[in-house]
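Participant: Dropping a prediction and its sequence here:
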Amino acid sequence: MSERTEGPRKVLIGTAVRPMYNWFPPLNERLNVLAGIIDEMADQAGRKYPGRRLDLAVLPEMAVWRAEGPPPVACAPLDGPVLDRMGAKAREYDTYLVVSMYLAEEGERYSNAAVLLDRRGKPAGIYRKVFVVVDKDGLLEGGLQAGKDFPVFDCDFGRIGAQICYDMMFDDGWRALARKGAEIVVWPTQSPQTARPACRALTYGYYVVSSTWRNNAAIYEPTGMTVARITRPGVLVHEIDLDYALLPWSAGLREGAAMRERYGDRVGFNYYVAEDRGIFWSNDPAMPIRRMVVEAGLWEEKEEYERDRRRLDELRGGPPSPD
């Protein structure tokens, strides 16, 4: 079993539900509302986690656009009021910020984009929606262009990727982001789906963070379970740990009790009896969770399943036939 030595990587994530139907104010007014949402996230972070700062704030799909008309006219440039106002909020709260927007760029390039700002309020990367909705006239969301790739972005806490709304219906981006090592995938969206993002988190082994217009916004664990959710307009702030271990059922684990007895509050976990598995993390900066797992004589899921596969292939004389 390989062991990572960095120890806990706590990440404080903010997301939101904000209805935006038929809401077309001037750009500056819209930016004022979005700034207020970020203020709410920071306030909730301070109340729930005293002394902590937001690490990542995610705004819903199309949080920024102009009111002059349909796309692409409604697209706004990043430079100017958008970057000035949103960058100031990122700096104020020392947080990474995902600004979802109808983006206008040089060369008459228009896209539905998720712009990542770093803690200094500077652009750190842009994801342009690849699977743009095709309308009844064959146009892409009223005149936008489709993105071509699935970038990942290195933050000081880990590696993130993005998908936007209709991207949920296609495997390509989710699979590519897993291959590139994404640990968190943000999903700004109008559609408040729950089954599919949970499946993506489970299948590809990363956290998924939805930020929506309605119904719910949630954070999904690599177990596929929902670890935090709000179901009405407002904000949600929740802490995750990117240094975790997924442990399957075993008699020695005793649904997590064995780890609690051995390490006390130095270990944290969510164990799901109905799923026969749990996600575990360390609260001790000097003790990575994988070292705890080894000391307790346990196996992570991936290692256990690969061990059993090798043994079964050995006994049957090769892998099972796919036909």
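Facilitator: Perfect, thanks for sending it.

Participant: CA atoms for contacts and neighbours, from now on please.
Facilitator: OK.

Participant: and the longest helix for this structure?
Facilitator: Ranked by residue count under DSSP state H, the longest helix found in the chain is helix 27-48.

Participant: Quick check: buried residues in it?
Facilitator: Of all the residues in helix 27-48, those buried under the rule 16 or more other Cα atoms under 10 Å are 27, 30-31, 34-35, 37-42, 44-45.

Participant: And the pLDDT at R4?
Facilitator: At R4, the predicted lDDT confidence score is 43.

Participant: Now do the helices in this structure.
Facilitator: Going by DSSP H, the chain shows helices at 27-48, 81-93, 171-179, 195-204, 257-263, 289-295, 301-316.

Participant: Serialize those helices to CSV and add fields for mean pLDDT.
Facilitator: Formatted as CSV, the helices of the chain follow (pLDDT from 0 to 100):
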stretch, mean pLDDT
helix 27-48, 96
helix 81-93, 98
helix 171-179, 98
helix 195-204, 98
helix 257-263, 98
helix 289-295, 97
helix 301-316, 95
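
Participant: a markdown table for those helices, including distance to R18?
Facilitator: Shown next, in a markdown table, are these (distance: least, Cα to Cα, whole Å):
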| stretch | distance to R18 |
| --- | --- |
| helix 27-48 | 9 |
| helix 81-93 | 17 |
| helix 171-179 | 25 |
| helix 195-204 | 19 |
| helix 257-263 | 39 |
| helix 289-295 | 36 |
| helix 301-316 | 37 |
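
Participant: Okay, strands next: where are they in the stretch 1-150 of the chain?
Facilitator: 10-17, 56-58, 76-77, 96-105, 109-117, 123-128 (DSSP state E, counting those that start in this stretch).

Participant: and of those strands, who's closest to F150?
Facilitator: Ranking the strands of the stretch 1-150 of the chain by their distance to F150 (criterion: Cα to Cα) puts strand 123-128 first, at 6.9 Å.

Participant: so what secondary structure elements neighbour the closest one?
Facilitator: strand 109-117 (3 or more Cα pairs under 8 Å, 6 or more residues apart in numbering; DSSP states H and E).

Participant: ok, and what's touching the strand it packs on?
Facilitator: 61-62, 72, 75, 87, 90, 96-104, 123-129, 132, 143-147, 162, 164, 188 (Cα atoms under 8 Å, 6 or more residues apart in numbering).

Participant: One more: stretch 154-164?
Facilitator: Under Cα under 8 Å, 6+ apart, the answer for stretch 154-164 is 9-11, 55, 61, 113-114, 118, 127, 129, 150-153, 173-174, 177, 181-189, 242.

Participant: Swap in 6 Å and give it another go.
Facilitator: The list of residues contacting stretch 154-164 from outside it, by Cα atoms under 6 Å, 6 or more residues apart in numbering, reads K129, V152, F153, A182, E183, I184, V185, V186, W187, P188, T189.

Participant: From the residues you listed, which land in strands?
Facilitator: V152, F153, I184, V185, V186, W187, P188, T189 (DSSP state E).

Participant: which residues pair with the fifth one across the strands?
Facilitator: Translated: V186. A162, V209 (DSSP bridges).

Participant: what number of residues lie near the residue lying closest to D265 once chain neighbours are set aside?
Facilitator: Spatial nearest neighbour of D265, chain neighbours left out: N283 (7.1 Å); criterion: Cα to Cα, 6 or more residues apart in numbering. Look at N283: counted by other Cα atoms under 10 Å, it has 20 neighbours.

Participant: likewise the one 10 residues further on?
Facilitator: The burial metric for V293, expressed as a neighbour count using other Cα under 10 Å, is 20.

Participant: Distance of it relative to V267?
Facilitator: Distance of V293 to V267, given as Cα to Cα, to the nearest Å: 10 Å.
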